[in-house]
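Chemist: Below: sequence and its predicted model.
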Amino acid sequence: MIETESLVHRYGDTAAVDEVSLTIDDGEAVAVVGANGSGKTTLVRHFNALLEPDEGTVTVDGRDVTDDQVYARTNVGMVFQHPRDQFVSATVGADVAFGPENLGLDREAIDRRVADALATVDMDGRDDERVDRLSGGEQARVAIAGVLAMDPDHLVLDEPLVGLDQGARESVLAHLDALADGGTSLVVVTHDLRDFADRVDRIVGLADGRVVVDAPTPAALDELDRLGVRDPRC
């Protein structure tokens, strides 16, 4: 479970996240939506302690993420909007292995996790390929594999479909469906719900750093106008 209580994060004098209290249950699929600048990315970067609160708390499975960053980052995987921003190694296999290596696992366990993660995103056998020579869709799949190799309970994806062609979009969505079916919690940050409205249990809508919509998907869709978010049914 991921939980925030009265979370505040400021940039200078501006509260990008303002008194947000939110719970995401194990196995739940949630879309976090809102216009640009509404606080979506700032909010989710607290889930694994990439940012620290100015006020309030964030916990994962009851553990304060500020006090136990390793636990938070092991159990909450984050895929950024631009996958290249999170690559740390030149080749596919080395990049996916980076997280498990930092967990202190033995070589056999690392190799097994890398192989399983790459197979999950249909990139098996491509360990030695250079990341910078992959297509955008392939890079997105490697970024997801790198997170999966950490075996997280929760996966957070920030605009995962931006810049992908239709084939890559369909591939990424298919893999997200498989993860959800397997019990992984999904949190998708997006301003476009067309590919996600029928995939999420709940929609959380932000405006000016505050939660103004938090409801099961069917009810939340009727509130999108006030968020500046396109209704995917139209």
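Modeler: Yep, it's here.
Chemist: can you pull out the helices in this structure?
Modeler: Applying DSSP state H to the chain gives helices spanning 40-44, 69-75, 92-102, 107-120, 136-148, 166-181, 217-221.
Chemist: what's the weakest-modelled helix or strand in the protein?
Modeler: helix 166-181 (a mean of 83; mean pLDDT, DSSP states H and E).
Chemist: middle-most residue in this structure, spatially?
Modeler: The chain has V156 as the residue nearest its centroid, 1.5 Å off, counting by C-alpha atoms, centre = their mean.
Chemist: List the residues that contact it.
Modeler: With contact set as C-beta atoms under 8 Å, 6 or more residues apart in numbering, V156 has these partners: 44, 47-48, 76-79, 187, 189. Bear in mind the C-beta positions are built from the backbone N, C-alpha and C, glycine included.
Chemist: before we move on, back to that, kindly reformat the helices of the chain as TSV containing mean neighbour count and distance to P160.
Modeler: What follows is those, written out as TSV (neighbours: other C-beta atoms under 10 Å; distance: least, C-beta to C-beta, whole Å):
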stretch	mean neighbour count	distance to P160
helix 40-44	23	12
helix 69-75	18	19
helix 92-102	21	17
helix 107-120	17	15
helix 136-148	24	7
helix 166-181	15	6
helix 217-221	16	18
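Chemist: Not counting its neighbours along the chain, what's nearest E223?
Modeler: V213 (4.5 Å; C-beta to C-beta, 6 or more residues apart in numbering).
Chemist: ok, what's across the strand from that neighbour?
Modeler: G205 (DSSP bridges).
Chemist: just to revisit the earlier point, so which of the contacts of V156 is the most crowded?
Modeler: Within the contacts of V156, neighbour counts (other C-beta atoms under 10 Å) peak at V76, which reaches 28 neighbours.
Chemist: Return the distance of it relative to M123.
Modeler: 23 Å (C-beta to C-beta, to the nearest Å).
Chemist: Equivalent analysis for T57, please.
Modeler: Distance from T57 to M123, by C-beta to C-beta: 37 Å.
Chemist: Please apply the same query to A140.
Modeler: 11 Å.
Chemist: Check R133 too.
Modeler: Taken as C-beta to C-beta, the span from R133 to M123 is 13 Å.
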